[in-house]
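Asks: from the sequence below, what's the structure:
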Amino acid sequence: MNRRTFASNISAGIAGVALAACGGSNAGATSKPTFVFVHGAWHGGWCWSEVARLLAERGYQSVMLDLPGHGLDARFPTAYTARPQNVGALAVEVSPLATLTLNDYRDSALKVIRALVAAGSGPVVLVGHSLGGATLSAVAEAEPSLIRRLVYLTAFVPVVYPTAIQYLQQPDFAASEVPSLFVADPSAVTATRINHDSADTSYVARVKSAFYHDVGDVAFAAIANLLTPDEPLGALTTPINATVARWGSVPRTFIRCTGDRAIPIAVQDKMIAEADAFTPGNTFARRTLATSHSPFASAPAELVAALTSMA
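Replies: Residues are numbered from 1 along each chain as shown. Below is the predicted model:
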């Protein structure tokens, strides 16, 4: 079984569990809200599987989204899947996801959320990790009435700057370990590209350090097999232009991750402060986890406790 088939089989199984958990017409039979999870860059809905399982044990329904170009919709540069891998070509091959933008992410998420609400779920708790925060803001700006609460898990909150990429360009982001992992010029390949499948073990160790430093090597090996190399540049460059009247009207929580090496804690706190200054009448509730960038893998029980404490 090759890497792509393995990833597809795993994602298909997870997707089936997630959709079954929605509950169909029974979704409105409980006062507990439905959680909708939005993954970050290079990930898929699969990353929330343990969180969804723990939530189900507590009586919560949840859906784990695959954004366009991720999960079962993943597309790979030919140089990435070549054996042996063509590292030189990987540095210049234009991404197969080049045409995707944040608007595609927003519309994909809205399609699912509208269906859930129409089926009786009530407004959902929308949880976004990392770059998934941009999708959260775009969804809430488009249709705030569908959202019970926004939960930003060490995620981008574009307020002062309308795009995620502008935050990557700020001095505070210099401490992040992520930009040094890019194996191609984003403007040339139209994506931020990370070689999760690299034969260079020292490079893979740096990937683990940036995102999963508190996860064991065996677990990370499985995770790395599911990560995709390209995050389309349009997901980082599409402006959101959040407003007080729409995005700013939705209750929101930020879950801080103090050991994050991808979005440093100083950047997280700055985005919280900027958002609170933008909507002083509706500020962030806060929770804090002493984890890496990926608590859904390293501390799922603690993450679920934080999520349910505000639901």
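Asks: shouldn't Thr253 be within a strand?
Replies: Yes: residue state for Thr253 (DSSP: H, G, I helix; E, B strand; the rest coil) corresponds to a strand.
Asks: surely it and Thr288 touch.
Replies: No: taking contacts as CB atoms under 8 Å, Thr253 lies outside contact range of Thr288: 11.2 Å. C-beta coordinates here come from the backbone N, C-alpha and C atoms, glycine included.
Asks: neighbour count winner among these two?
Replies: The neighbour comparison of Thr253 against Thr288 (other CB atoms under 10 Å) goes to Thr253, with 20 against 13.
Asks: now do the contacts for the spatially closest residue to the more buried one that is not a sequence neighbour.
Replies: Counting by CB to CB, 6 or more residues apart in numbering, Ala285 is the residue found nearest to Thr253 once chain neighbours are left out, at 4.4 Å. Ala285 is in contact with 251-254, 310, counting by CB atoms under 8 Å, 6 or more residues apart in numbering.
Asks: got the phi/psi numbers for Ala285?
Replies: When quoted as degrees, to the nearest 10, the phi and psi of Ala285 stand at phi -80, psi 150.
Asks: so what's it scoring on pLDDT?
Replies: The model reports Ala285 with a pLDDT of 98.
Asks: mind checking how far it is from Ala210?
Replies: According to CB to CB, to the nearest Å, Ala285 stands 27 Å off from Ala210.
Asks: which residues in the stretch 51-200 of the chain form helices?
Replies: Assigned by DSSP state H, counting those that start in this stretch, the stretch 51-200 of the chain shows helices spanning 78-81, 87-90, 102-118, 132-142, 164-168, 186-189.
Asks: report the buried residues of the last one.
Replies: Going by neighbour count (16 or more other CB atoms under 10 Å), the buried part of helix 186-189 is 186, 189.
Asks: ok, residues contacting that helix?
Replies: By CB under 8 Å, 6+ apart, helix 186-189 touches 77, 91-95, 98, 192-193, 230, 233.
Asks: out of these, which is nearest to Ala199?
Replies: Within these, proximity to Ala199 (CB to CB) peaks at Ala91, which comes in at 14.9 Å.
Asks: excluding its backbone neighbours, what's nearest that closest one?
Replies: According to CB to CB, 6+ apart, the nearest residue to Ala91 is Ala184 (4.8 Å).
Asks: my read is that the one you found contacts Ile194, right?
Replies: No: with contacts counted by CB under 8 Å, Ala184 stays clear of Ile194, the gap being 9.5 Å.
Asks: quick check, pLDDT for the closest residue to Phe278 other than its chain neighbours.
Replies: Once flanking residues are discounted, Phe278 sits nearest to Val159: 4.9 Å by CB to CB, 6+ apart. You'll see Val159 listed with a pLDDT of 96.
Asks: got the contact list for Val159?
Replies: Counted by CB under 8 Å, 6+ apart, Val159 has contacts 242, 271, 274-275, 278.
Asks: can you redo these as CSV with secondary structure and pLDDT?
Replies: Converted to CSV, those look like this (DSSP: H, G, I helix; E, B strand; the rest coil; pLDDT from 0 to 100):
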residue, secondary structure, pLDDT
Ala242, coil, 97
Met271, helix, 98
Glu274, helix, 98
Ala275, helix, 98
Phe278, helix, 98
